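Chemist: quick one, fold the following:
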Amino acid sequence: MSSLTTSTGPLVAGDATRDFHPGADLTYRLFTDVQASSADLKRAILYGTLFQGCMFAKVRFDNCDIEGAQFTQCTFVECTFIDADLRSCTFVACDFENCSFEQALLLDITVQSGSFSGTIFDRASIHESTFERSTLSECSIKNVSALHNTFDRTNFEDIRIADCTFLYALMLGCRFDRVELNTEAVGTIYGISREDLASMTLVFLGETQRNPDEDLIEVLKTSYLARKWYFLKAMLEVCYGPEHRLLALNRALDTLCEVATLGIGVKRDEFRFLMRVAEELSRQGMLPIDFLVHAAEQTGLLLNKPDLMSNVVATVQELHNRVYLLLQQSIDLYSEEVDRLLLTDDEDAAMRLTLTYRERPTIDSAEVIRLAGQLMSTRHPDATLVSARPGSWIEVVRTSAVGVLALYAIIVATNGILAQLIRTRALANALVLPIPKRTMQTLVRSSVLRHSEPVQSRLTHTALNALSDLTKRSISTDNVYGLIAGGLEKLDTVSVELESSSADQA
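Modeler: Numbers count the residues shown, from 1 in each chain. Modelled structure (predicted):
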């Protein structure tokens, strides 16, 4: 056998005819274009083994240690992986037909462009794994434990997700045909649309249920509330509304913090699920920064309590650390966006905003800017509504660059969307310059995360003052609640035009 070196390290080319036998040690072997039929690899060690373009028919991988193995463009027909350990395996463009993963451990596996047809996963453990652009058709998942998995643009066909523990999943852009789903699991899944949910057959305690005539989500909320599942009820609001996402996220977090304070019924899975949803919302540009600041403060306060149980401390600390990391990334992104979107470094420059809403807000845009400005510790901007007209609903406002900054801050604090909304252009002969770093540094406020212990880079040194003022007061301030209730979440686009600099005005 010749020694090979790939991007993953030293490998040895394998010979299937000689190497495929029960108990074989195939660690770091490379198999290419293998055609294996009725082979027995029971109890074999396939640690870090690479398979490329292979065809397996009726091959037994039972009780194998397949940790860290990689399969690319492989086909499996009537193969068995019973009681196999497949931790951290990767399957790229692989097809499984009538195979069995009964009682197997699938932890941290990655499946890309794969298909599973007529495959049995009964009593398997599928945790923290990712299925991307894949298909699961006519598969059996009875008594499966499936926690914290991500399904991205994956098709589910003729499958019953009911006789199993299927919780805390992200299901993003998936398609569902003839799917049965456990009613109790709906609040622990993020990404299923109302339309997809309505197309599914719901199952409760093993019995098929008729979908209610009234709003299914409202029925579930009532049921969750009666059973004191307050966190899951809040997550239904996060996923389906009608409550604004910021308020729903804060309520979900506060529910967990209250449980952690009591020290009774603390579920690490729920803390992790909330953070995974937040990270996905951030990836989509839809995470309100106010939630992150609120989460950092609340978890910081919790960690300062001397009587927390050690397991609760570990759970809260994990969330606290992930919040800090995400907040750092969000603030850095916001700084870059503001640096790009502000048309001048002149805070007194006259700006003209055209705001398009999906429907008419109850608070006009000029009042939004004035209310946002009142929450700032720096200069309070003024704004004037120039015109309003139906379209969807369009308003034109004249304000200063400080007013634009106040609007940007309230948008990102409450909605998390900025770059996608803002269109900028300069008018007149004003000089267009990016806002300088020193101006951004003057907006730093050291008390943003005042209740939290210092961590590494001290995020307070990068927090923008306008943003921190808003986030610090948001959940307890009637003004910000009013802005949200007034229709700020219905904002579609903002067109920003620089009319003149202060020098031109003089």
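
Chemist: and the helices in this protein, which stretches?
Modeler: For the chain, the helices defined by DSSP state H occupy 16-19, 194-199, 216-226, 230-240, 245-262, 268-283, 289-303, 310-341, 365-374, 401-414, 437-441, 465-473, 478-485, 502-505.

Chemist: just those helices: most buried one?
Modeler: Stretch with highest mean neighbour count among the helices of the chain: helix 401-414 (a mean of 27; mean count of other Cβ atoms under 10 Å). Using the backbone N, CA and C atoms, a C-beta is placed for each residue, glycine as well.

Chemist: now the angle from it to helix 365-374?
Modeler: 80 degrees (axes from the mean of the first three to the mean of the last three Cα atoms, to 10 degrees).

Chemist: wait, which of the helices of the chain is closest to His380?
Modeler: helix 365-374 (4.3 Å; Cβ to Cβ).

Chemist: may I have that closest one exported as PDB, CA atoms only?
Modeler: The C-alpha trace of helix 365-374 is given here as PDB (Å, rounded to 0.1, in the frame of the first residue of the first chain):
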ATOM      1  CA  SER A 365     -41.800  59.000  10.700                       C
ATOM      2  CA  ALA A 366     -40.900  62.500  12.000                       C
ATOM      3  CA  GLU A 367     -42.300  61.600  15.400                       C
ATOM      4  CA  VAL A 368     -40.300  58.300  15.300                       C
ATOM      5  CA  ILE A 369     -37.100  60.300  14.900                       C
ATOM      6  CA  ARG A 370     -38.000  62.800  17.600                       C
ATOM      7  CA  LEU A 371     -38.900  60.000  20.100                       C
ATOM      8  CA  ALA A 372     -35.700  58.100  19.300                       C
ATOM      9  CA  GLY A 373     -33.700  61.300  19.800                       C
ATOM     10  CA  GLN A 374     -35.200  61.800  23.200                       C
END
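
Chemist: show me what it is packed up against.
Modeler: strand 383-389, strand 393-400, helix 401-414, helix 478-485 (3 or more Cβ pairs under 8 Å, 6 or more residues apart in numbering; DSSP states H and E).

Chemist: export the helices of the chain to TSV and tack on mean pLDDT?
Modeler: Shown next, in TSV, are these (pLDDT from 0 to 100):
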stretch	mean pLDDT
helix 16-19	76
helix 194-199	90
helix 216-226	89
helix 230-240	93
helix 245-262	90
helix 268-283	94
helix 289-303	86
helix 310-341	82
helix 365-374	82
helix 401-414	80
helix 437-441	32
helix 465-473	53
helix 478-485	65
helix 502-505	55
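
Chemist: now render the helices and strands packed on helix 365-374 as TSV, adding distance to Asp62.
Modeler: Rendered in TSV, the data for the helices and strands packed on helix 365-374 read as follows (distance: least, Cβ to Cβ, whole Å):
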stretch	distance to Asp62
strand 383-389	70
strand 393-400	64
helix 401-414	53
helix 478-485	56
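
Chemist: and of those, who's closest to Arg360?
Modeler: Evaluated over those, closeness to Arg360 peaks at strand 393-400, with 4.2 Å, by Cβ to Cβ.

Chemist: the residue nearest to Ile410 when sequence neighbours are not counted: what's it in contact with?
Modeler: Distance criterion Cβ to Cβ, 6 or more residues apart in numbering; nearest residue to Ile410, sequence neighbours excluded, is Ala372 at 4.1 Å. With contact taken as Cβ atoms under 8 Å, 6 or more residues apart in numbering, Ala372 is in contact with Ala406, Leu407, Ala409, Ile410, Leu470, Leu483.

Chemist: which among the helices and strands packed on helix 365-374 is found nearest to Tyr224?
Modeler: The nearest among those, by Cβ to Cβ, is helix 478-485 at 23.3 Å.

Chemist: on that earlier part again, now distance to Ser495 too, for the helices of the chain, in CSV please.
Modeler: Formatted as CSV, the helices of the chain follow (distance: least, Cβ to Cβ, whole Å):
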stretch, distance to Ser495
helix 16-19, 64
helix 194-199, 31
helix 216-226, 35
helix 230-240, 30
helix 245-262, 24
helix 268-283, 25
helix 289-303, 23
helix 310-341, 11
helix 365-374, 12
helix 401-414, 11
helix 437-441, 23
helix 465-473, 21
helix 478-485, 20
helix 502-505, 20
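
Chemist: of all these, which one is nearest Gln103?
Modeler: helix 268-283 (21.8 Å).

Chemist: and the closest one, what does it pack onto?
Modeler: With contacts taken as 3+ Cβ pairs under 8 Å, 6+ apart, helix 268-283 sits against strand 169-172, strand 189-190, helix 230-240, helix 245-262, helix 289-303, helix 310-341.

Chemist: could the ones you listed be laid out in JSON lines, adding distance to Asp122?
Modeler: Below are those laid out as JSON lines (distance: least, Cβ to Cβ, whole Å):
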{"stretch": "strand 169-172", "distance to Asp122": "19"}
{"stretch": "strand 189-190", "distance to Asp122": "21"}
{"stretch": "helix 230-240", "distance to Asp122": "27"}
{"stretch": "helix 245-262", "distance to Asp122": "33"}
{"stretch": "helix 289-303", "distance to Asp122": "38"}
{"stretch": "helix 310-341", "distance to Asp122": "31"}
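
Chemist: wouldn't Glu138 be in contact with Ser117 here?
Modeler: Yes. Look at Glu138 against Ser117 with Cβ atoms under 8 Å: they come within range, at 6.3 Å.

Chemist: the two - which one has more neighbours?
Modeler: It is Ser117, of Glu138 and Ser117, that has more neighbours when counted by other Cβ atoms under 10 Å, with 17 against 13.

Chemist: on the strand side of things, show who the more buried one bridges to.
Modeler: Residues in a beta bridge with Ser117, per DSSP bridges, are Glu97, Ser137.

Chemist: wait, it touches Phe96, no?
Modeler: Yes. Ser117 lies in contact with Phe96 (Cβ under 8 Å); the separation is 7.0 Å.

Chemist: tell me the spacing between Val404 and Gly391.
Modeler: 22 Å (Cβ to Cβ, to the nearest Å).

Chemist: can I get the longest strand belonging to the chain in CSV, CA atoms only?
Modeler: Criterion DSSP state E: the longest strand present in the chain is strand 491-500. Written as CSV, here are the backbone C-alpha positions of strand 491-500 (Å, rounded to 0.1, in the frame of the first residue of the first chain):
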residue,chain,number,x,y,z
LEU,A,491,-41.0,49.7,7.5
ASP,A,492,-39.8,48.3,4.1
THR,A,493,-37.2,50.8,2.8
VAL,A,494,-35.6,54.1,3.7
SER,A,495,-34.1,56.3,1.0
VAL,A,496,-31.6,58.9,2.4
GLU,A,497,-30.6,61.9,0.5
LEU,A,498,-28.0,64.6,1.5
GLU,A,499,-29.5,68.0,0.6
SER,A,500,-26.9,70.4,2.0
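
Chemist: starting from that strand, tell me which strands it pairs with and how they run.
Modeler: strand 350-357 (antiparallel), strand 422-426 (parallel).

Chemist: tell me the angle of the first one relative to strand 383-389?
Modeler: To tie it back to what came earlier, the one meant is strand 350-357. If you take the same axes, to 10 degrees, strand 350-357 sits at 40 degrees to strand 383-389.
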